[in-house]
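> show me the folded form of this:
(one chain, ligands or ions: 2)
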Amino acid sequence: MLNDDERRIRDDRMMVLAGQSGGLSRQIDPSLYSTYGVKRGLREANGRGVLTGLTEISDVNGHRDVDGKSVPIEGELYYQGYKITDLVEGFRNHRFNFEEVTYLLLFGELPNRKQLRDFIDLLGQYRELPSKFVRDVIMKAPSANIMNGMQRSVLTLYSYDSDPDDITIPNVLRQSMLLIGVMPMIAVYNYHAYQHYHNDRSLIIRYPDEELSAAENILRMLRDDGQYTELEARVLDACLVIHAEHGGGNNSTFTTHVVSSTGTDTYSAVAASLASLKGPKHGGANLKVENMFKDIKEHVNNWEDEGAIRAYVEQIIDGEAFDHTGLVYGMGHAIYTLSDPRAVILKEKAKKLSEAKGLEEEFNLYQTVEKVSAELLTEKRHLSKPVCCNVDFYSGFVYSMLGIPRQLFTPIFAMARISGWCAHRMEEISSGGKIIRPAYKYVGHHRTYHKLEDRS
Ligand SMILES: CC(=O)SCCNC(=O)CCNC(=O)[C@H](O)C(C)(C)COP(=O)(O)OP(=O)(O)OC[C@H]1O[C@@H](n2cnc3c(N)ncnc32)[C@H](O)[C@@H]1OP(=O)(O)O
Ligand SMILES: O=C([O-])CC(=O)C(=O)O
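Ligands and ions are numbered 1, 2, ... in the order given. Below you'll find the model as predicted:
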C-alpha cells in the first residue's frame with residue numbers, strides 16, 4: 001500500500017512519462033473541424049442543434065419563423081402540448097403538481113381527479129428503498145458531491161431488481177415509477193450520510209410519508225425537525241414542475257436517448273443521465289451560480305454600484321476571476337434567446353421570497369449581474385443571438401431562501417428531471433429503435449509498426 005508521498009511521486013512520474021510522448025499537449029488542429037464540416041457540439045453553423053430525433057414529450061422554442069426569417073422570441077416551453085406557464089398558473093393552490101406533471105409526461109395526458117389520486121397513491125407505494133439499502137449502499141463511502149452518490153445508489157438498485165434487464169415498456173414503467181419515487185430519498189439520505197461522516201452532524205434518516213407530495217417529503221426528510229411551511233412546499237413543488245422536462249436535445253436527456261438506444265437497462269441509463277446533469281454547463285450550473293455569487297460578494301463591496309459589478313463580471317468573462325473558465329454561470333442557452341420561461345417564473349419567486357425575508361439587496365444584486373452580464377456577453381462574445389439568464393440563474397437563490405443546502409441544488413434538478421428522462425427512455429424504446437451512432441473522422445495518420453526491441 002503506497003503512502004501519500006509515494007502516491008504523489010507515482011503521479012509525478014506518470015506526468016513525466018506522458019510528457020515524453022507529447023501526450024499532454026496533443027490537440028486536434030481546430031481548422032480541421034471546418035475542413036471536414038464537423039458539426040461541433042452537434043450544432044449547425046447557425047448554432048441550432050442538429051436534428052437527431054423526434055419527440056412528442058415537449059417543445060422548446062427560442063425563435064419563430066417570420067416570412068422565412070428566424071426571429072428571436074420570448075422563450076416557450078410546452079409539456080405534451082401544454083404551455084408551462086398555463087400549467088404553473090392552473091396548479092396554483094394545489095399540492096401535488098409535480099406528481100400531476102409526471103403523470104402527464106409519462107402517459108401523455110393530464111389526469112382527471114381519480115387518476116391523479118391513484119397515481120399519487122402508487123407513487124407513495126413506490127417510495128420505498130430495499131431493506132438495508134441505506135445501511136449497505138448509501139452509508140458506504142459517501143461522496144462529497146451528492147450527484148455521484150446518487151449515481152452509485154441508482155446503479156446499485158439494479159442488484160435488488162428481480163427483473164433488471166427486461167426493457168419491455170411495462171417493466172421500464174415499473175422501474176421508472178420506482179426511480180421517480182425513491183430519487184428524493186436517495187438524494188437526501190446521501191446528503192445526510194456525507195454530513196454525518198465528514199462534518200460530524202447527527203445522522204437523521206426520516207422515512208417519507210406516503211400521503212405527502214415529493215416536495216413535502218423532500219423538506220420533511222431534509223429538516224432536523226421534519227417541519228416545513230405550506231408556502232415552502234408549494235415553492236419547491238413549483239421548482240420540481242419547471243425542472244421536470246426540456247425536450248430530447250438537452251445533454252442529460254440526449255444521454256438517456258443515446259444510452260437507451262443500446263438496449264441497456266433503466267438503472268444504467270438513469271445513472272448516465274445523472275452523470276451528464278452534474279456538469280457545470282448543464283444542471284450543475286445552479287451550484288456554480290451560487291459559488292459565483294459568493295465570489296462576487298467577496299470582491300464587490302457595494303452591491304448597488306453597477307459599475308463595480310460590471311467591472312468584476314467583465315473579469316469573469318475575460319477568464320481573470322472566479323473559476324477562470326470565462327463563463328458566467330446561469331447565463332446563455334442553446335435554444336432560448338430573449339428569455340427562458342422557467343427563469344422568468346423563478347425570478348418572480350425569488351423576488352417575492354426575498355421581500356418576505358428582507359433579502360431585497362441580494363435579489364437586486366442578482367438582477368444587476370443578470371443585466372450587466374447579458375450586455376457584456378453580447379459585446380464581448382460576438383453572439384449571433386440575444387443572451388438571457390437560464391433556469392439555473394435564480395434557482396439556487398430560491399433554494400437557499402428555502403433553507404436547502406447548496407449540495408442539494410443539482411440533486412433537486414435531478415429529482416425533477418428523472419420524470420422527463422423516464423418519459424424519453426420509453427419514447428426511445430418504443431419509437432427510436434436504432435442505435436445512436438454518429439461518425440468521427442480520423443485525422444491522425446496511419447503508421448508502420450516497429451517491434452518493442454527496435455524502438456529507440
Ligand atoms: C439546465 C441547463 O443546462 S441551462 C444551461 C446551464 N449552463 C450555464 O449556465 C453555463 C453557462 N452557459 C453556457 O456555458 C452556455 O450558454 C450554454 C452551455 C448554456 C449554451 O452554450 P451554447 O449553446 O454553445 O451557446 P451559444 O451558441 O449561444 O454560445 C456562443 C458562444 O458564447 C459563449 N457563451 C455562451 N454563454 C456564455 C456564458 N454564460 N458565459 C460566457 N460565455 C458564454 C459560448 O461559450 C460560445 O462560445 P464559443 O462559440 O467560443 O464556444
Ligand atoms: O435544453 C438545454 O440545453 C438545457 C436546459 O435548459 C435543460 O435541460 O433544462
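> count of neighbours near Glu361?
10 (other Cβ atoms under 10 Å). Backbone N, C-alpha and C define where each C-beta goes, glycine included.
> got the contact list for the closest residue in space to it that isn't next to it in sequence?
Using Cβ to Cβ, 6 or more residues apart in numbering and skipping the chain neighbours, the partner closest in space to Glu361 is Trp303 (5.8 Å). Residues near Trp303 by Cβ atoms under 8 Å, 6 or more residues apart in numbering: Lys297, Ile309, Glu361, Glu362, Asn364, Leu365, Thr368.
> the last one contacts Ala308, doesn't it?
No - in this structure Thr368 lies outside contact range of Ala308 using Cβ atoms under 8 Å: 9.9 Å.
> more neighbours: the two, which one.
Thr368 (20 against 16).
> following element in sequence after the host helix or strand of that one, please.
Per DSSP states H and E, Thr368 falls inside helix 360-381. Where DSSP H and E defines the elements, the next helix or strand beyond helix 360-381 is helix 391-401.
> before we move on, the earlier item: now do the buried residues in the helix holding Thr368.
Glu362, Phe363, Leu365, Tyr366, Thr368, Val369, Glu370, Val372, Ser373, Ala374, Leu376, Leu377 (16 or more other Cβ atoms under 10 Å).
> isn't Arg115 right next to Tyr103, touching?
No, residue 115 isn't Arg; it's Gln. Yes - look at Gln115 against Tyr103 with Cβ under 8 Å: they come within range, at 7.0 Å.
> more crowded one of the two?
More crowded of Gln115 and Tyr103, by other Cβ under 10 Å: Tyr103, with 22 against 14.
> taking the stretch 151-300 of the chain, what residue is nearest to ligand 2?
Relative to ligand 2, the nearest point of the stretch 151-300 of the chain is Asn250 (3.1 Å; Cβ to the nearest ligand atom).
> kindly report the same for the stretch 51-200 of the chain.
Counting by Cβ to the nearest ligand atom, the stretch 51-200 of the chain gets nearest ligand 2 through Val60, at 6.2 Å.
> which non-adjacent residue is nearest that residue?
Gly247 (4.5 Å).
> what's the span of stretch 218-228, first residue to last?
Start and end residues of stretch 218-228 are separated by 10 Å (Cα to Cα, to the nearest Å).
> thinking again about what came up before, can I get the buried residues of helix 360-381 in a markdown table including distance to Cys389?
Below are these laid out as a markdown table (distance: Cβ to Cβ, whole Å):
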| residue | distance to Cys389 |
| --- | --- |
| Glu362 | 16 |
| Phe363 | 13 |
| Leu365 | 13 |
| Tyr366 | 9 |
| Thr368 | 12 |
| Val369 | 9 |
| Glu370 | 5 |
| Val372 | 12 |
| Ser373 | 8 |
| Ala374 | 7 |
| Leu376 | 13 |
| Leu377 | 11 |
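> of the residues you listed, which is the nearest to ligand 1?
Leu377 (5.6 Å).
> ok, now which ones touch Val50?
Contacts of Val50 (Cβ under 8 Å, 6+ apart): Lys39, Leu42, Arg43, Glu44.
> could you pull out the helices for the stretch 201-350 of the chain?
Assigned by DSSP state H, counting those that start in this stretch, the helices in the stretch 201-350 of the chain fall at 214-222, 230-243, 251-260, 266-278, 285-299, 306-317, 341-357.
> give me the contact list for the third one.
Under the contact criterion Cβ under 8 Å, 6+ apart, helix 251-260 has outside partners 52-53, 245-248, 268-270, 272-277, 279, 281-283, 417, 420-421, 424-425, 428-429, 432, 436.
> just the buried residues of these.
Buried among the contacts of helix 251-260 (16+ other Cβ under 10 Å): 53, 245-248, 268-270, 272-277, 282-283, 417, 420-421, 424-425, 428-429, 432.
> near ligand 2, which residues of the chain?
Contact residues, the chain versus ligand 2 (Cβ under 6 Å from any ligand atom): His246, Asn250, Ala334, Ile335, Asn390, Val391.
> can you lay out the residues you listed as a markdown table showing pLDDT?
Shown next, in a markdown table, are the residues of the chain next to ligand 2 (pLDDT from 0 to 100):
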| residue | pLDDT |
| --- | --- |
| His246 | 98 |
| Asn250 | 98 |
| Ala334 | 96 |
| Ile335 | 97 |
| Asn390 | 98 |
| Val391 | 98 |
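> which of these are close to ligand 1?
Among the residues of the chain next to ligand 2, ligand 1 is touched by Ala334, Asn390, Val391 when using Cβ under 6 Å from any ligand atom.
> just the buried ones from those, in PyMOL syntax?
Remark: buried members of those, expressed as a PyMOL selection using 16+ other Cβ under 10 Å:
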select buried, resi 334+390+391
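> excluding chain neighbours, what is closest to Asp408?
Quick fix: residue 408 is Leu, not Asp. Leu408 sits nearest to Tyr191 (Cβ to Cβ, 6+ apart), 5.7 Å away.
> to what extent is the one you found buried, counted in neighbours?
Tyr191 - counted by other Cβ under 10 Å - has 23 other residues nearby.
> same question for Thr448.
With other Cβ under 10 Å as criterion, Thr448 counts 4.
> where does it fall, helix, sheet strand or coil?
coil (DSSP: H, G, I helix; E, B strand; the rest coil).
> that one and ligand 2, how far apart?
45 Å (Cβ to the nearest ligand atom, to the nearest Å).
> any common contacting residues for Gln115 and Tyr103?
Joint contacts of Gln115 and Tyr103 (Cβ under 8 Å, 6+ apart) do not exist.
> so Leu173 makes contact with Met426?
Yes - with contacts counted by Cβ under 8 Å, Leu173 reaches Met426, the gap being 6.8 Å.
> so those two - more neighbours on which side?
The neighbour comparison of Leu173 against Met426 (other Cβ under 10 Å) goes to Met426, with 21 against 16.
> relative to ligand 1, how far out is the more buried one?
Taking Cβ to the nearest ligand atom, one finds Met426 at 22 Å from ligand 1.
> buried residues in stretch 139-153, which are they?
Buried, per 16+ other Cβ under 10 Å, within stretch 139-153: Met139, Pro142, Ser143, Asn145, Ile146, Met147, Asn148, Gly149, Met150, Gln151, Arg152, Ser153.
> hang on, isn't the fifth one packed against Asn190?
So that's Ile146. Yes - look at Ile146 against Asn190 with Cβ under 8 Å: they come within range, at 4.9 Å.
> residues shared between the contacts of these two?
Pro411.
> now do the contacts for Val60.
Counted by Cβ under 8 Å, 6+ apart, Val60 has contacts Gly75, Glu76, Leu77, His246, Gly247, Gly249, Ile335, Tyr336.
> from the residues you listed, which land in strands?
Applying DSSP state E to the contacts of Val60, the entries found in strands are Gly75, Glu76, Leu77.
> who's in contact with the first one?
Contacts for Gly75 (Cβ under 8 Å, 6+ apart) come out as 60-62, 333, 335-341, 344, 388.
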